[in-house]
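K.L.:
What follows is a predicted structure for the sequence shown.
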Amino acid sequence: MLTETIELTAFAPGTRHSLQVQRFGTPGARPKVYIQGALHADEVPAIVVTQALSRHLKTLEAQGAILGEVVLVPYANPIGLAQHTLGHHQGRFDLRDGGNFNRGYAELAAKVVEPLRPQLTQDVARNTVLVRQALVHAVDQLTAANTTQELKNTLLRLAIDADIVLDLHCDTDAVLHLYAMTPQSADAEALGAALGVQALLLAIEAGDSPFDEACARPWYQLQQWLPQFPIPMACFGATVELRGETDTSHALAAQDVQGLCAYLAMRGVLALPQPTGSAPAPWPVALCEPTPLAGSEPITAPHAGVVIFHRQPGQRVKAGDLIADLLNADTGELTPLHCQSDGLLYARCGQRWASAGKRLAKIAGTSLARTGKLLSP
């Protein structure tokens, strides 16, 4: 393992932030995998998993079992790790301006399409190399006016030429689920089966350019804009939600590392040792079918009140089921909140006091067709 420390520019005197980057395997080998944890810095189960993964990758590297290259950033947001207000960790939003650390990544396809147009041919392998080179060059040209923007550019530079990009997060109170792009449903289903996810949410565009889409979506856009040239979807990106904020057990981390490594072995990144004379284990059976992110139903509070849930994450619901009551603090009246969709309740909020409009729960369904920005703020 090679460890690199990247110092971010100090935009104020006396401050310092740095990233730790761990590299396994042979630099430049394919497939290249990029994995990062806790971009939303208060989603700390991801750090438990990345550190457990680091230990396991060291063992595999000593055994010569890493065939490609793995770039691991155990904690992707040193800025957010340091943000505390009145005793509460604030790791999702930048306290400087309220910006979400997992939104607003540079959209690179528009920057590279015209330079690529005269270079591309009918050779798909050559086109893949050219696109990767163009994307790397485009990231290198990005500028930053503050530390958060520099962090985003740095993370994108580490990942933009990878074959696989996995961004490890968690929700507040949730079962294991993941987000990916619809054109990459086969890869997403394989990863989901390996990890045992209970909800798999797909979209062409989730909105606001989250990190995984900033890496994978340029390939889809270039396919659409340059249909005369063979351009593969050469980067698979996914956001993996590692259950809820309090799910920080060693047993769960070991389970997640096993699933991640099984998927990477299937993709040819790792050569996992097999007991002598034993047949390879069968691929895990998927626990869910993919559903459109546009069909994910948010249960929101129509007014302020105390939330009283009737359903747990992981429970299947039918349209019309009672999900929660909202208790009016003035009158004591209850407002029942019902779902419109059949599906799986895969996440819910942690706080039990809700302001008007607060998203209380999310259901993976198929009957809705939301448009616009599909992710939580």
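P.N.:
On my side now, so go ahead.
K.L.:
Enumerate the beta-bridge partners assigned to the residue nearest the centre of the chain.
P.N.:
What sits nearest the mean C-alpha location of the chain, by Cα atoms, centre = their mean, is T239, with 1.8 Å. Beta-bridge partners for T239, by DSSP bridges, are D167, Y179.
K.L.:
residue ranges with poor pLDDT in the protein?
P.N.:
276-277 (pLDDT under 70).
K.L.:
Show me how it divides into domains.
P.N.:
Here the domain assignment for the chain is 2-266, 294-364, based on automatic domain parsing.
K.L.:
mind checking how far the first one is from the chain centre?
P.N.:
Here the centre of mass of C-alpha atoms in domain 2-266, compared against the chain's by Cα atoms, centre = their mean, to the nearest Å, lies 7 Å away.
K.L.:
do the last one as well
P.N.:
In terms of Cα atoms, centre = their mean, the gap separating the centre of domain 294-364 from the centre of its chain is 24 Å.
K.L.:
and the end-to-end length of it?
P.N.:
Length of domain 294-364, first residue to last, Cα to Cα, to the nearest Å: 9 Å.
K.L.:
Repeat that for stretch 89-103.
P.N.:
End-to-end distance for stretch 89-103: 19 Å, by Cα to Cα.
K.L.:
Report the contact partners of V73.
P.N.:
Residues near V73 by Cβ atoms under 8 Å, 6 or more residues apart in numbering: 19-22, 34-37, 50, 155, 158. For every residue, glycine as well, the C-beta is placed using N, CA and C.
K.L.:
among those residues, who's most crowded?
P.N.:
Neighbour counts for those peak at G37, which has 30 neighbours (criterion: other Cβ atoms under 10 Å).
K.L.:
Minimum distance to V285: which of the domains of the chain has it?
P.N.:
Proximity to V285 (Cβ to Cβ) singles out domain 2-266 among those, at 6.8 Å.
K.L.:
ok, back up a step: which of the domains of the chain is buried the deepest?
P.N.:
domain 2-266 (a mean of 19; mean count of other Cβ atoms under 10 Å).
K.L.:
sec struct for the residue of the chain positioned farthest from its centre, please.
P.N.:
Centroid-distance maximum for the chain: T331 at 41.5 Å, with Cα atoms, centre = their mean. When classified by DSSP: H, G, I helix; E, B strand; the rest coil, T331 comes out as coil.
K.L.:
Return the distance of it relative to K358.
P.N.:
Separation of T331 from K358 (Cβ to Cβ, to the nearest Å) stands at 19 Å.
K.L.:
now do L374
P.N.:
18 Å.
K.L.:
close enough to count as contact, D256 and E241?
P.N.:
No: if you go by Cβ atoms under 8 Å, D256 and E241 don't touch, sitting 11.2 Å apart.
K.L.:
G80 - that's part of a helix, no?
P.N.:
Yes: if the criterion is three-state DSSP, then G80 is within a helix.
K.L.:
Next, the contact list for it, please.
P.N.:
38, 40-42, 90-92, 94, 101.
K.L.:
before we move on, back to that, nearest to A144, of the contacts of V73?
P.N.:
Nearest to A144 out of those is L155 (Cβ to Cβ; 11.8 Å).
K.L.:
in which helix or strand would I find the residue lying closest to that closest one once chain neighbours are set aside?
P.N.:
Residue nearest to L155 in three dimensions, not counting chain neighbours: A76, with 5.9 Å by Cβ to Cβ, 6 or more residues apart in numbering. Element membership for A76, per DSSP states H and E: none, as it lies in no helix or strand.
K.L.:
which residues in the protein form helices?
P.N.:
Secondary structure of the chain (DSSP state H): helices located at 45-62, 78-81, 109-116, 124-140, 147-159, 185-195, 211-225, 250-266.
K.L.:
Now render the ones you listed as a markdown table, adding distance to I363.
P.N.:
Below are these laid out as a markdown table (distance: least, Cβ to Cβ, whole Å):
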| stretch | distance to I363 |
| --- | --- |
| helix 45-62 | 22 |
| helix 78-81 | 28 |
| helix 109-116 | 32 |
| helix 124-140 | 36 |
| helix 147-159 | 31 |
| helix 185-195 | 18 |
| helix 211-225 | 22 |
| helix 250-266 | 23 |
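K.L.:
Which among these is found nearest to R316?
P.N.:
helix 185-195 (17.0 Å).
K.L.:
what sits against the residue nearest to D140 when sequence neighbours are not counted?
P.N.:
Distances taken as Cβ to Cβ, 6+ apart place R157 nearest to D140, at 7.0 Å, with adjacent residues excluded. Listed by Cβ under 8 Å, 6+ apart, the contact set of R157 reads 136, 139-140.
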